[in-house]
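Q: turn this into a model:
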Amino acid sequence: MPSDLSQDPNVRLLTQWIDESERITVLTGAGISTDSGIPDFRGPNGVWTKNPKAEKASNIQNFISDPEVRKASWRDRLDNRAWSADPNDGHRALVQLEKRNKLVALLTQNVDGLHHAAGSSATKVVEVHGTIREVACLECDYRDDMQIALDRVRQGEEDLDCPECGGILKSATISFGQSLVQKDLLKAEAAAQNCDLMIAIGTTLAVYPIAAVVPSAQRVGAKIAIINAEPTEMDHIADLVIRESISEVLPIAVGGASSLPEEDNNGDAETPK
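A: Predicted coordinates:
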């Protein structure tokens, strides 16, 4: 039986827009990964909601100035759900969108690496907030696999220093107070200005400057679609807002109209022949 969402008029409209579009830019946030078991940050079961100390560690000044914050951060890294999480159907649907040669860029606020794990091309993915999969030195250019750093934590080290210069190590994520990578911002803005459809998925669109790609795309005439469980800061400018499961909506919408059930004259859906 087809999913009930395949009969939802908003999902069907998004499916039509994807079929008609030639240049689609996607922006994803934490909501796309919740079905993979990775909690968001500010939701009812969010990481920062349940553990305010984790939010404190996300500020670069706190991380640099307080050894106890760093130690707690490294302990938390050991049990991060990203290590055991697998991509879900939402991530995989975006791989299919790329295979349809419609994807300009996949901009993500997520640091979990699941878009790469699903099979999205590194040339398409722009991780504007960095990645938890690597560790970086705050003083020099040292960068390595996160698991190498975590092995040091497992062996008893509490506050990691750089093996090359002795500087402070942290995950290669962009914390509050840290500058974003300029080339990534330029890629994101270029993708926003070169699309005919912008789909924002699983993000409240409250974190700048990356949230600015949505109005930027609108200014060049792109349609704006938002898929998110909760209201966002930009629902008022969207052409379409869908409040359904991301991992259910995306496979249907990316699959194309030819895979949707047909509707008879009574409005009931019929499975395509």
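
Q: to what extent is residue 93 buried, counted in neighbours?
A: 22 (other CB atoms under 10 Å). For the C-beta atoms, the positions are set from N, CA and C on the backbone; glycine is no exception.

Q: that one belongs to a helix, doesn't it?
A: Yes: judged by DSSP: H, G, I helix; E, B strand; the rest coil, residue 93 forms part of a helix.

Q: for residue 179, see how far away it is.
A: 32 Å (CB to CB, to the nearest Å).

Q: so where's the stretch 51-200 of the chain shaky on pLDDT?
A: Residue ranges of the stretch 51-200 of the chain with pLDDT under 70: 51-57.

Q: which residues in it form strands?
A: Using DSSP state E, counting those that start in this stretch, the strands of the stretch 51-200 of the chain run over 103-108, 125-127, 130-137, 143-145, 169-173, 197-201.

Q: take the ones you listed and write them to CSV, including mean neighbour count and distance to residue 61.
A: Putting the strands of the stretch 51-200 of the chain into CSV (neighbours: other CB atoms under 10 Å; distance: least, CB to CB, whole Å) gives the following:
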stretch, mean neighbour count, distance to residue 61
strand 103-108, 25, 25
strand 125-127, 23, 23
strand 130-137, 20, 17
strand 143-145, 13, 22
strand 169-173, 21, 12
strand 197-201, 26, 30
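
Q: for those, give me a markdown table that also has distance to residue 67.
A: Shown next, in a markdown table, are the strands of the stretch 51-200 of the chain (distance: least, CB to CB, whole Å):
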| stretch | distance to residue 67 |
| --- | --- |
| strand 103-108 | 31 |
| strand 125-127 | 28 |
| strand 130-137 | 16 |
| strand 143-145 | 21 |
| strand 169-173 | 13 |
| strand 197-201 | 38 |
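
Q: mind checking these for the one nearest to residue 5?
A: Across the strands of the stretch 51-200 of the chain, the minimum distance to residue 5, taken as CB to CB, is reached by strand 197-201, at 14.8 Å.

Q: elements contacting the closest one?
A: helix 9-20, strand 24-28, helix 213-219, strand 223-227 (3 or more CB pairs under 8 Å, 6 or more residues apart in numbering; DSSP states H and E).
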